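Undergrad: Got a sequence here, can you build the structure:
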Amino acid sequence: MLQAMTNGLEAVQLPADAVEVGRIADAWGVKGWFKILPYSAHPEALFSSRRWYLQPSERGAKTFAGTVKLAIIEAKEHSDSVVASAHDVPDRSSAEALRGARIFISRASFPTAGADEYYWVDLIGLEVRNREDLLLGNVRELLSTGPQTVLVIEYLEDGKLQDRMIPFVSAYIDDVDLAARRIRVDWQADY
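TA: Residues are numbered from 1 along each chain as shown. Predicted coordinates:
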């Protein structure tokens with residue numbers, strides 16, 4: 001059991017606003033550091049939060065059960081990856097025991113987004129309306145196509161769920177109102 005190995009990982013409830021931000025890939029070095037596979041190209045949330053919540057991988061060996069809290073000492077970029085160290089992970093074998101663990105961070109711990117910047121997690125579920133106030137659907141997911149991000153909008157047509165895609169660029173996005181849970185777009189239903 002991981003708790004016995006690390007003498008201090010605390011079993012906790014996952015916060016209601018927790019967002020999965022990455023996985024622990026493997027141990028890194030001999031002093032308890034571990035390598036992270038972040039789900040974002042810009043993993044600022046990993047750097048800003050000192051409390052990570054871990055859940056075991058859905059596949060493979062499970063060295064702990066439920067949700068545990070990990071107190072982070074430091075997280076930083078190293079070469080082309082992210083590495084971190086934590087209290088209660090004193091050596092390589094303790095870090096290896098975390099391999100595959102899913103990392104969650106409370107959304108409240110994310111750094112504040114800049115003007116006209118949004119976290120994807122905040123856009124999912126928002127209603128999308130065009131300039132004529134026609135409901136186009138709700139954001140189901142976002143896709144990164146390289147040069148731009150695309151909103152995948154889910155809507156019902158003839159009793160079947162359909163998708164429409166709208167580039168998330170200023171040419172088509174008029175306004176994002178997180179408080180009202182709405183995105184206003186310059187887009188027509190037949191595009």
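Undergrad: Closest to the centroid, which residue in the protein?
TA: Val21 (3.5 Å; CA atoms, centre = their mean).
Undergrad: Ala171: how many residues sit nearby?
TA: 8 (other CB atoms under 10 Å). C-beta here means a position set from N, CA and C on the backbone, and glycine is covered the same way.
Undergrad: For it, which non-adjacent residue is spatially closest?
TA: With CB to CB, 6 or more residues apart in numbering as the criterion, Ala171 has its nearest non-adjacent residue at 7.4 Å, and that residue is Asp186.
Undergrad: how much space between that neighbour and Lys31?
TA: 53 Å (CB to CB, to the nearest Å).
Undergrad: do Asp177 as well
TA: From Asp177 to Lys31 the distance is 47 Å (CB to CB).
Undergrad: And for Glu127?
TA: Distance from Glu127 to Lys31, by CB to CB: 49 Å.
Undergrad: higher neighbour count, these two?
TA: Neighbours around Glu127 and Lys31, counted as other CB under 10 Å, are more numerous at Glu127. The numbers are 16 against 12.
Undergrad: Hmm, that one is touching Asp177, no?
TA: No. If you go by CB atoms under 8 Å, Glu127 and Asp177 don't touch, sitting 9.7 Å apart.
Undergrad: Would you mind listing the residues touching both of those two?
TA: Listed as contacting both Glu127 and Asp177 by CB atoms under 8 Å, 6 or more residues apart in numbering are Ile183.
Undergrad: can you list the domain ranges for this structure.
TA: Domain assignment for the chain by automatic domain parsing gives 2-109, 120-185.
Undergrad: Lowest average pLDDT across those?
TA: Lowest mean pLDDT of the domains of the chain: domain 2-109, a mean of 88.
Undergrad: so how far is that one off the chain centroid?
TA: 13 Å (CA atoms, centre = their mean, to the nearest Å).
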